[in-house]
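Q: Got a sequence here, can you model it:
(one chain, ligands or ions: 1)
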Amino acid sequence: MGSTVTLNDIDITVIGGGVGGLACAIALRHHGAAVTVLEQAEAITEVGAGVQVSPNGLRVIEALGLADALAATSVQGQAVSLRNGATGAEVARLDLRSLPSDQRYFFVHRADLVDLLSSTARDMGVTIRLLQQVDTVTTGPTPRVVMATGDHRTTDLVIGADGIHSSVRPVLNAPTKPFFTGQVAWRSIVPNVTGHPPQARVHMGPGRHMVTYPLRDGTKLNVVAVEERSDWASESWSQTDDGDALRRAFAGFDAEVHQILSQVERPGLWGLFRHPVAQHWYGQNCAILGDAAHPTLPFLAQGANMALEDAWVLADALASANDLQAGLAAYQTRRKARVTRVIDVASQNARNYHLKPGPFRFAAHTALGMLSRHAPGRMLGRFDWLYGHDVTRQH
Ligand SMILES: Cc1cc2nc3c(=O)[nH]c(=O)nc-3n(C[C@H](O)[C@H](O)[C@H](O)COP(=O)(O)OP(=O)(O)OC[C@H]3O[C@@H](n4cnc5c(N)ncnc54)[C@H](O)[C@@H]3O)c2cc1C
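A: Numbering: from 1, shown residues only. Below you'll find the model as predicted:
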């Protein structure tokens, strides 16, 4: 890691032991900082769900020295296949094998990714304190972090990596109101009974779509199914639903989808909300990253990848600056435009996947199909800005 300034002797408190917080803790530790992670849960665990680590996120994993370990527990994705949900016919294909050889795409069990990050952090000397629910943060030359228990700590720099319901974002920003997108997502991991190949399949239908991809040694399948609806579901995975509700929503889909969904028991259910990107990502000796700064709809599979990119850039910007405030300002400058673009594209994708049958869908699918069959390079080239971006080489 090419640092110009060491962060030795700087005490940094990271709130949140998710993908973003742990990756940031490791990156900061590489630069010599003394890092403590405060996590509200009683263990560093993750809901049973998959995550797609795309080449841009993998750059960070590689720079942290963890790519081989991640590859050992992941499935390397070979394609993204967009399919007509009713017939199962492929509409278009993104051939991931045609990416430059240094750009790999992995399907990962979230628990494996978080385990890898947390064990690495601990081995490097990061202190991870569990059952530490942060209640309030006060910024200033010596920020103060107060726990729900009333305990408190002071620190040199506090980083809010505490996800969608961040306790730090409102300290830096005026309150904003997320709005319900009119979409809910079910999530489940099921046995791979269909022999699903190592690709992400997007089964598209009017007002709904389902994404499937294999995990671990290919024996499991990650399922995320999205439906447009008017009634509200809470923004939390603690809510579950009846598997039959999910099966009913996808009754008009093809046999493969039916077979996959027949394995689902009690899926998690999540209301998808759009949040504005935070205006201020830092204050005095304080910053936010990942979902705390910019919750991301899942339609481009980039939320965790953006959290990884943020984590790297924040540590690098701090280590490259003459003082903390200059580093924090550089972090926001280096990240905000890219993240905003990713979030905008993810939001548009929902509409594209859910087109209703008719001339517009016919035209869109035909154009995509022709592009992917006759100009596969151009199809992949449309994602260069996303997957080809390497935050570890930009300063
Ligand atoms: C359906 C769906 C599918 C997705 N698929 C993908 C995908 O394929 N690829 C991808 O890149 N992204 C995906 N995402 C997005 C991704 O899950 C998130 O963007 C990512 O987890 C954000 O990481 P984070 O570290 O910022 O926050 P989180 O992962 O939410 O971690 C926050 C941590 O902070 C802790 N915490 C919260 N509040 C406090 C507090 N007050 N005190 C102490 N600790 C606290 C939490 O317990 C948690 O451990 C998906 C999201 C959804 C909804």
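Q: The ligand contacts on this protein?
A: 15-21, 38-41, 51-52, 132-134, 161-163, 167, 185, 187, 224, 270, 290-292, 296, 298, 301-305, 307 (CB under 6 Å from any ligand atom). The C-beta positions use only the backbone N, C-alpha and C, and glycine is treated the same way.
Q: Where helices are concerned, which of the residues you listed count?
A: The helices, defined by DSSP state H, take in 19-21, 303-305, 307 from the residues of the chain next to the ligand.
Q: in these, which two residues are the furthest apart from each other?
A: G21 and N305 (15.1 Å; CB to CB).
Q: which one of these two has more residues nearby?
A: G21 (31 against 27; other CB atoms under 10 Å).
Q: Now do the same contact list for the more buried one.
A: By CB atoms under 8 Å, 6 or more residues apart in numbering, the contact set of G21 is 14-15, 37, 39, 159, 161-162, 289-290, 311.
Q: Export the longest strand belonging to the chain to PDB, keeping only CA atoms.
A: The residue-count maximum for a strand in the chain (DSSP state E) belongs to strand 179-191. C-alpha atoms of strand 179-191 as PDB (Å, rounded to 0.1, in the frame of the first residue of the first chain):
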ATOM      1  CA  PHE A 179     -39.200   7.100  -0.200                       C
ATOM      2  CA  PHE A 180     -40.600   3.700  -0.900                       C
ATOM      3  CA  THR A 181     -39.800   2.700  -4.500                       C
ATOM      4  CA  GLY A 182     -42.900   0.600  -4.700                       C
ATOM      5  CA  GLN A 183     -40.700  -2.500  -4.800                       C
ATOM      6  CA  VAL A 184     -40.000  -5.300  -2.400                       C
ATOM      7  CA  ALA A 185     -37.200  -7.900  -2.500                       C
ATOM      8  CA  TRP A 186     -37.300 -11.500  -1.200                       C
ATOM      9  CA  ARG A 187     -34.000 -13.100  -0.400                       C
ATOM     10  CA  SER A 188     -33.200 -16.800   0.100                       C
ATOM     11  CA  ILE A 189     -30.500 -19.400  -0.300                       C
ATOM     12  CA  VAL A 190     -31.700 -22.700  -1.600                       C
ATOM     13  CA  PRO A 191     -30.100 -26.000  -2.800                       C
END
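Q: W281: what's it in contact with?
A: 172, 287-289, 293, 328, 331-332, 335-336.
Q: and E256, which of the three is it?
A: Secondary structure, DSSP: H, G, I helix; E, B strand; the rest coil: E256 is helix.
Q: Averaged pLDDT, the helix or strand P170 falls within. What do you get?
A: Following DSSP states H and E, the helix or strand that holds P170 is helix 169-172. For helix 169-172, mean pLDDT rounds to 97.
Q: Scan the contacts of G21 and report the most crowded one.
A: Most crowded among these, counting by other CB under 10 Å, is I159 at 34 neighbours.
Q: just the strands in the stretch 201-350 of the chain please.
A: 208-215, 220-228, 268-274, 282-283, 286-288 (DSSP state E, counting those that start in this stretch).
Q: out of those, deepest packed?
A: strand 286-288 (a mean of 29; mean count of other CB atoms under 10 Å).
Q: That one pairs with which strands?
A: Here strand 286-288 is paired, per DSSP bridges, with strand 157-160 (parallel), strand 282-283 (antiparallel).
Q: now the first one: how far from the chain's centre is it?
A: Centre-to-centre, strand 157-160 and its host chain are 20 Å apart (CA atoms, centre = their mean, to the nearest Å).
Q: from the ones in helices among the residues of the chain next to the ligand, which is closest to E90?
A: Ranked by distance to E90 (CB to CB), these are led by N305 at 25.1 Å.
Q: Give the full set of residues in contact with the closest one.
A: 52-54, 56-57.
Q: Who wins on neighbours among these?
A: G57 (30 neighbours).
Q: any idea how far the nearest residue to that one once chain neighbours are set aside is from S347?
A: Closest residue to G57 apart from its sequence neighbours, by CB to CB, 6 or more residues apart in numbering: N305 at 3.3 Å. Going from N305 to S347 by CB to CB, to the nearest Å gives 16 Å.
Q: hmm, back to that, of the contacts of G21, closest to Y213?
A: When the contacts of G21 are compared against Y213 (criterion: CB to CB), the nearest one is G290, at 22.0 Å.
Q: pLDDT score assigned to the closest one?
A: Looking at G290, its pLDDT reads 98.
Q: List the contacts of it.
A: For G290, the contact set (CB under 8 Å, 6+ apart) comprises 16, 18-21, 161, 163, 303-304, 306-307, 310-311.
Q: switch to 7 Å and redo it
A: Residues counted as contacts of G290 (CB atoms under 7 Å, 6 or more residues apart in numbering) are 18, 20, 161, 306-307, 310.
Q: Also V171?
A: Contacts of V171 were listed using CB under 7 Å, 6+ apart, and they are 137, 139, 283.
Q: Take the strands paired with strand 286-288 and write them to JSON lines, including mean pLDDT and distance to H258.
A: Output for the strands paired with strand 286-288, formatted as JSON lines (pLDDT from 0 to 100; distance: least, CB to CB, whole Å):
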{"stretch": "strand 157-160", "mean pLDDT": "98", "distance to H258": "43"}
{"stretch": "strand 282-283", "mean pLDDT": "98", "distance to H258": "49"}
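Q: do you know which of those strands lies nearest P197?
A: Using CB to CB, the strands paired with strand 286-288 put strand 157-160 closest to P197, at 39.5 Å.
Q: Check what pLDDT the closest residue to G88 other than its chain neighbours gets.
A: Nearest residue to G88, sequence neighbours excluded (CB to CB, 6+ apart): D254, at 3.8 Å. pLDDT recorded at D254 is 97.
Q: Run a quick neighbour tally on D254.
A: Around D254 there are 17 residues (other CB under 10 Å).
Q: likewise A34?
A: A34, neighbours per other CB under 10 Å, totals 18.
Q: What's the separation between it and N322?
A: A34 is 20 Å from N322, by CB to CB.
Q: Likewise for A350?
A: 43 Å.
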